[in-house]
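Student: Pasting the sequence and the predicted coordinates here, then a few questions.
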Amino acid sequence: MTENENYSLDWNKESVRALRLRLGWSKSDMARRLQCSLTDLESFEKGQSEMKSLIKSQLEMMYRQCQECSDEVKYTAACENVLEKSALEQVEFSRVKADLE
């Protein structure tokens, strides 16, 4: 997905709650970050009211940041492992054997 690609997630009571739990935030934490009241957030999570487009935009931004952090954690270890292996392959043991003894 390109940076300029426009997409919209389907924000419903389940997806809002799932994102909040994935981030490890309490309802009050998320309400504060969305700049809405705790009552409004609880209403969204119960499916009792519609979210304003600004709230949806903020949720999408939070979701994208969460995805990027997840990808970084997921791929960093694999990348480090590949780099470590390739670095070891470049070292000729015979060249450093004398230094080790």
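Tutor: Received it, and whenever you're ready, just let me know what you need. Numbers count the residues shown, from 1 in each chain.

Student: What's the local residue count around the closest residue to residue 59 other than its chain neighbours?
Tutor: Ranked by CB to CB, 6 or more residues apart in numbering and with sequence neighbours excluded, the top spatial neighbour of residue 59 is residue 11, at 5.6 Å. For glycine as for every other residue, the C-beta is placed from the backbone atoms N, C-alpha and C. Neighbourhood size, residue 11 [other CB atoms under 10 Å]: 17.

Student: cool, residue 42 as well?
Tutor: 14.

Student: Where does it sit: helix, strand or coil?
Tutor: Assigned by DSSP: H, G, I helix; E, B strand; the rest coil, the conformation of residue 42 is helix.

Student: repeat for residue 47
Tutor: When the rule is three-state DSSP, residue 47 gets the label coil.

Student: picking up where we left off before, and the residue nearest to residue 59, what is it in contact with?
Tutor: 51, 56, 59, 60 (CB atoms under 8 Å, 6 or more residues apart in numbering).

Student: Okay, and the third one sits in which element?
Tutor: Going back to what we said before, that points to residue 59. helix 53-90 (DSSP states H and E).

Student: Give me the distance between the residue nearest to residue 59 and residue 46.
Tutor: 14 Å (CB to CB, to the nearest Å).
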